[in-house]
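Enquirer: below are the sequence and a predicted model for it; my questions follow.
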Amino acid sequence: MAEYLLFATERYALPILQPVADALQTSGQGVHAWLVGGAAGARLPAPVRMIADARAAVDLCPRAVFSAANWIPPFVTGAKVQLFHGFNVEKRAPARGHFRVRGLFDLYCTQGPATTGPFRELAHQAGYFKVVETGWPKLDPLFGRDDPLADRLRAAAGGRPVVMFASTFTRHLSAAPHLLEMIAAQIATGRCYWLLTLHPKCAPEWFERYRALAGSHAEFVETEQLISAQRAADVLVADTTSVVSEFVIQRKPVVTFRNRAPKPHMLDFDDPAVLPAMLERAFTPDAALTAALAAYADSIHPYRDGQASQRVIAATEALLAGELGNLRRKPLGSLLRGLQIRRELGYWGPAAR
């Protein structure tokens, strides 16, 4: 039995890693999780075994490390695999955002054509990592299996349309401060059932205010429940959060408030007062909007089989078997980044051999 390590620095990484854990366990492999930073104190359910610290991770000598963060501890043995913590929502310039490479990973498992092409070009230039398009493990639960939580949320709606609200934590992009009053007014009418959620890094005051809206017409859902909430909802109201892209994979309409890069598949608006009208448009999408939703979904994540985790594992094994070709030595800059990671994790012991 081989041992594998899952690595996360934020709570929102847990739903990304859990499907990979499930797939590894189904194949009889040993699965461990090392959660640091914003994810510290969280857990993945047994039989995943939790790693306490860097020393334990080094001693494990995993066959591969799967990361849903922007970085990965280079001193732990095994293939270093990037799973991504979200879609490219164009919050930053490409060199600083989704397409930034840091000299730490051996394999990038991309979500769909929109990211595969750019990363393959970067891999061709760099030579020290490979790229395989696998789909995104977080979305595996969207397709093909029962979801009791999604069923419960739909039942709570009592036949009413279900609207989900999600917001990023980035202050100048967040809709949470701007839409609170209008969303509260919509909830009070009882015409729709609302599922409310915020990025874990949002300010505590906004969590308090949105949690206070829960009642007979609304429920607040936690980060780990996002996929179920997306399955239950008919329409999403959001901003520039990557939840927009996740939701569109289902070909369901999205209403966005001041999105940084609005596109044809979004119903974007900038005046909170027009939210009710935007919802009406979303509930009755025209042919052009329906086509735009499908085209965008196919470009970022064409997979609807719920098998991305299995493809990630297969790609990792192909890398380890040398089937993807040789890798060049990582750049000198990665050594400095490795020292920074050691300092951040408080580990100055030897690397695994």
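Expert: Thanks, I have it.

Enquirer: I figured A351 hits R55, correct?
Expert: No: here A351 lies out of contact with R55, judged by Cβ atoms under 8 Å, at a distance of 11.7 Å. Any C-beta I mention is one placed from the backbone N, CA and C, and that applies to glycine too.

Enquirer: counting neighbours, what do you get for the residue nearest to A295 when sequence neighbours are not counted?
Expert: Among residues not flanking A295 along the chain, H265 sits closest, at 7.3 Å (Cβ to Cβ, 6 or more residues apart in numbering). Using other Cβ atoms under 10 Å, H265 is surrounded by 24 other residues.

Enquirer: same deal with the one 5 residues further on?
Expert: A count of neighbours around D270, defined by other Cβ under 10 Å, yields 11.

Enquirer: that one contacts T256, correct?
Expert: No: counting by Cβ under 8 Å, D270 stays clear of T256, with 9.9 Å between them.

Enquirer: ok, back up a step: test my guess that the residue nearest to A295 contacts T290.
Expert: No: counting by Cβ under 8 Å, H265 sits too far from T290 to count as a contact (9.3 Å).

Enquirer: what about the helices in the chain?
Expert: For the chain, applying DSSP state H gives helices covering 14-26, 54-60, 113-126, 148-157, 176-189, 204-211, 226-232, 243-248, 275-283, 287-300, 308-320, 333-345.

Enquirer: for those helices, give me TSV that also has distance to V132 and mean neighbour count.
Expert: Converted to TSV, the helices of the chain look like this (distance: least, Cβ to Cβ, whole Å; neighbours: other Cβ atoms under 10 Å):
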stretch	distance to V132	mean neighbour count
helix 14-26	14	21
helix 54-60	24	18
helix 113-126	8	15
helix 148-157	30	16
helix 176-189	36	17
helix 204-211	37	14
helix 226-232	23	22
helix 243-248	20	24
helix 275-283	35	16
helix 287-300	16	15
helix 308-320	4	21
helix 333-345	21	14
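
Enquirer: right, so of the ones you listed, which gets closest to F165?
Expert: Minimum separation from F165 across the helices of the chain (Cβ to Cβ) falls at helix 176-189, 6.0 Å.

Enquirer: what's the distance between the closest one and the middle of its chain?
Expert: Centre-to-centre, helix 176-189 and its host chain are 26 Å apart (Cα atoms, centre = their mean, to the nearest Å).

Enquirer: relative to helix 275-283, how tilted is that helix?
Expert: With axes from the mean of the first three to the mean of the last three Cα atoms, to 10 degrees defining the directions, helix 176-189 sits at 80 degrees from helix 275-283.
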